[in-house]
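*Asks:* Test case, fold it:
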Amino acid sequence: MAATATPPIVMPASSATGVIRAPRFLTASLARELGILLSLSVMFPFMIHVLPVPETAKLGARLLPMFYAPLLATLWGRARSALAVALLAPWLNWALTSHPSPPGAIVMMIQLLAFVFTLRGLLAGLGMRWFHAAAAYFAGVAAAVLLVAAFPALIGGHPALAWAAQGVEVGLPGIAILVLINWLALHYYPPGAGGGGPIAA
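*Replies:* Residues are numbered from 1 along each chain as shown. Sure thing, here's the model as predicted:
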């Protein structure tokens, strides 16, 4: 009976000096891109929270600044960076500013991931449209509702649908800002080779 061949073991690529090189996805360009986007993901909420308005105004919940950097990254065709920002931004903001709280960071992370995945799917299937940011936001809300319905302690035991409805009502100005960013990207950074948008990226 013939012996079966043992598959070769794939080793990390190494240079002529024997130093193991980092995987291709860990490039200096990607690291720089992530650094910029994560900085923006902290800067946008910080700038909004330092505005001289009463705490009861809840500007973060109204203007949705955590969505700006993932939205821009996805519209620019940087899907890996957008997903990394969605994963890391809530926790980076919590580490630096104590907002959101850890339960809120979990909910925000799931919402941002659904937002990015949905937006990326819409861009791939339909091309860039001015309303995609709003559709992706509501997909993120739906994902968050499923999460908090399964784990109500994340939102203090409140009913999931009532919590989501209140969040959407409060966040209407932020949804409008997301649509505005989407429209500006479509107008000034259209898809295709000429515009350099996400279809060409």
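*Asks:* Could you list the low-pLDDT ranges of the chain?
*Replies:* 1-26, 49-57, 191-201 (pLDDT under 70).
*Asks:* how does it look with 80?
*Replies:* Filtered on pLDDT under 80, the chain yields the residue ranges 1-34, 46-58, 189-201.
*Asks:* Please report the distance of the closest residue to residue 172 other than its chain neighbours from residue 129.
*Replies:* Counting by C-beta to C-beta, 6 or more residues apart in numbering, residue 62 is the residue found nearest to residue 172 once chain neighbours are left out, at 7.9 Å. The way it works is simple: take the backbone N, C-alpha and C, and place the C-beta from them, glycine included. With distances taken as C-beta to C-beta, to the nearest Å, residue 62 is found 25 Å from residue 129.
*Asks:* same question, residue 148
*Replies:* For residue 148 relative to residue 129 (C-beta to C-beta), the value is 29 Å.
*Asks:* So for these two, which residue has more residues nearby?
*Replies:* residue 148 (24 against 13; other C-beta atoms under 10 Å).
*Asks:* Next, residue 119: secondary structure please.
*Replies:* At residue 119 the chain is in helix, as set by DSSP: H, G, I helix; E, B strand; the rest coil.
*Asks:* how many neighbours does the closest residue to it other than its chain neighbours have?
*Replies:* The shortest distance from residue 119 to any residue other than its chain neighbours is 3.8 Å, reached at residue 136 (C-beta to C-beta, 6+ apart). Neighbourhood size, residue 136 [other C-beta under 10 Å]: 26.
*Asks:* Report the contact partners of residue 136.
*Replies:* By C-beta atoms under 8 Å, 6 or more residues apart in numbering, residue 136 lies in contact with 71, 114-116, 118-119, 122.
*Asks:* repeat that for 10 Å
*Replies:* 67, 70-71, 74, 114-123, 178, 182 (C-beta atoms under 10 Å, 6 or more residues apart in numbering).
*Asks:* Is it within a helix or a strand, and which one?
*Replies:* helix 132-150 (DSSP states H and E).
*Asks:* Starting from that helix, tell me the next helix or strand along the chain.
*Replies:* Heading C-terminal from helix 132-150 (DSSP H and E), you reach helix 160-170.
*Asks:* Give me the helices and strands touching that following helix, please.
*Replies:* helix 59-63, helix 102-126, helix 132-150, helix 172-188 (3 or more C-beta pairs under 10 Å, 6 or more residues apart in numbering; DSSP states H and E).
*Asks:* now for those, which one comes closest to residue 85?
*Replies:* helix 102-126 (7.6 Å; C-beta to C-beta).
*Asks:* any idea how far that closest one is from the chain center?
*Replies:* Remark: helix 102-126 is offset 6 Å from the chain centroid, using C-alpha atoms, centre = their mean, to the nearest Å.
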